[in-house]
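Participant: what's the 3D shape of this:
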Amino acid sequence: GALEDAGWDPSEPTLVLAECVLVYLPPSDSAALLSWFASRCTHVAIVAYEQIGPRDAFGRMMLDNLRRRGCPLLGLVDCPDLAAQVARCEVAGWDRANADDLLTLYNRTLSPRERARVEGLERLDEMEEWNLMLSHYCAVLAVKGPILAHLQLHATIGG
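Facilitator: Here you go, the predicted structure:
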């Protein structure tokens, strides 16, 4: 395949980054992509950044806005929350998966001092809106193979 032709070796540790990719694919295609890497790689991790939460007012607005722009979130209805994100990876053959919404990661990962610094970079008039937006996106980490088993989704930043 194209990856092998480019020099990729599936026996070497591999990191897959998927930034708002899976949510735009039909669910069967995202499942096939996850299964493909899990079945071929000896040591692999995927970090995915995805939208979640289509059932509340903000989520419905997000779906509608993107649909009107010709960018429907084809996978969001079938993978609407953190549990579904994790389950999708586990079903695809990954050893372990975990997911957190970005609001949780923001509050848990950044120290209070670092959060104050970040929030001061651009004055956030509406913290409620910021929190709502962060709660509708998630980060997912799935791993396969013992070399990458130690990887975690978060670490404290800004002591």
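
Participant: what's the single longest helix in this structure?
Facilitator: Longest helix of the chain, by residue count under DSSP state H: helix 27-40.

Participant: If you count neighbours, what's buried in it?
Facilitator: Across helix 27-40, burial judged by 16 or more other C-beta atoms under 10 Å covers 27, 30-31, 33-35, 37-38. The way it works is simple: take the backbone N, C-alpha and C, and place the C-beta from them, glycine included.

Participant: Tell me which helix or strand comes right after that helix.
Facilitator: Heading C-terminal from helix 27-40, the first helix or strand you meet, by DSSP states H and E, is strand 44-51.

Participant: so what strands line up beside that following strand?
Facilitator: Applying DSSP bridges, strand 44-51 is found paired with strand 14-19 (parallel), strand 137-144 (antiparallel).

Participant: okay, these, which one's buried deepest?
Facilitator: Comparing the strands paired with strand 44-51 by mean neighbour count (mean count of other C-beta atoms under 10 Å), strand 137-144 comes out on top with a mean of 23.

Participant: what's the angle from that one to helix 27-40?
Facilitator: Here the directions of strand 137-144 and helix 27-40 differ by 30 degrees (axes from the mean of the first three to the mean of the last three C-alpha atoms, to 10 degrees).

Participant: what about the helices in this structure?
Facilitator: 2-5, 27-40, 57-68, 82-91, 102-109, 112-121, 127-135.

Participant: just checking, what packs against the lowest-mean-pLDDT helix or strand in the chain?
Facilitator: Within the chain, no helix or strand scores below helix 112-121, which has a mean of 85 by mean pLDDT, DSSP states H and E. Of the remaining helices and strands, none touches helix 112-121 by 3 or more C-beta pairs under 8 Å, 6 or more residues apart in numbering; DSSP states H and E.

Participant: List the contacts of residue 25.
Facilitator: Going by C-beta atoms under 8 Å, 6 or more residues apart in numbering, residue 25 touches 33, 74-75.

Participant: Where does pLDDT dip in the protein?
Facilitator: Applying pLDDT under 70 to the chain picks out residues 123-125, 155-159.

Participant: returning to that earlier point: please state the offset of the least confident helix or strand of the chain from the chain centre?
Facilitator: In terms of C-alpha atoms, centre = their mean, to the nearest Å, the centre of helix 112-121 is set 23 Å apart from its chain centre.
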